[in-house]
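Peer 1: Okay, structure incoming, though there's no sequence with it:
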């Protein structure tokens, strides 16, 4: 037996499984809509221990975890507001396609790419 453990292999989801998943917003983030309808999301930035120790060194003791804000454009904001924990990814894609009057394939690429980016930042999860 070696010093390193084997990495567990995770099986990738099929397209059908991914489209059937329901996206949910992370409950530890906050977001608000400005008067123009754009969404601003605020979330805690997760840092590796080394970077967190540097952050703590250069900030006051009372400073909490570093936070980040992102402003979504009109399209991102409309999709974000559709993430209600009840609609599946495919339902959101269909609604987005109808709302923007674009082909379903284009809507699927846009929405799934957007979900991928939100997932990388820990802003949404799929169930």
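Peer 2: In hand now; what should we look at? Since this is a predicted model, take the numbers as computed values, not measurements.
Peer 1: How about the secondary structure of residue 27?
Peer 2: Three-state assignment for residue 27 (DSSP: H, G, I helix; E, B strand; the rest coil): coil.
Peer 1: Tell me how far it lies from residue 124.
Peer 2: Distance of residue 27 to residue 124, given as CB to CB, to the nearest Å: 11 Å. Yep, even glycine has a C-beta here, placed from its N, CA and C like the rest.
Peer 1: Compare those two (neighbour count), which wins?
Peer 2: residue 124 (19 against 8; other CB atoms under 10 Å).
Peer 1: and the residue nearest to the more buried one when sequence neighbours are not counted, how many neighbours?
Peer 2: Closest residue to residue 124 apart from its sequence neighbours, by CB to CB, 6 or more residues apart in numbering: residue 118 at 4.4 Å. Using other CB under 10 Å, residue 118 has 22 neighbouring residues.
Peer 1: try residue 120
Peer 2: Counted with other CB under 10 Å, residues neighbouring residue 120 total 9.
Peer 1: show me the contacts for it.
Peer 2: Shown in contact with residue 120 (CB atoms under 8 Å, 6 or more residues apart in numbering): no residues.
Peer 1: and the gap between it and residue 114?
Peer 2: 11 Å.
Peer 1: now swap in residue 43 and tell me
Peer 2: With distances taken as CB to CB, residue 43 is found 16 Å from residue 114.
Peer 1: go on, residue 35?
Peer 2: With distances taken as CB to CB, residue 35 is found 23 Å from residue 114.
Peer 1: Quick check: end-to-end length of stretch 24-31?
Peer 2: Stretch 24-31 stretches 14 Å from its first residue to its last (CA to CA, to the nearest Å).
Peer 1: Please, where are all the strands along the protein?
Peer 2: Ranges of strands in the chain, per DSSP state E, are 23-25, 30-33, 39-44, 67-71, 124-126.
Peer 1: which helices and strands does the second one pack with?
Peer 2: The helices and strands touching strand 30-33, judged by 3 or more CB pairs under 8 Å, 6 or more residues apart in numbering; DSSP states H and E, are strand 39-44, helix 74-82.
Peer 1: quick one: which of these is nearest residue 18?
Peer 2: helix 74-82 (15.5 Å; CB to CB).
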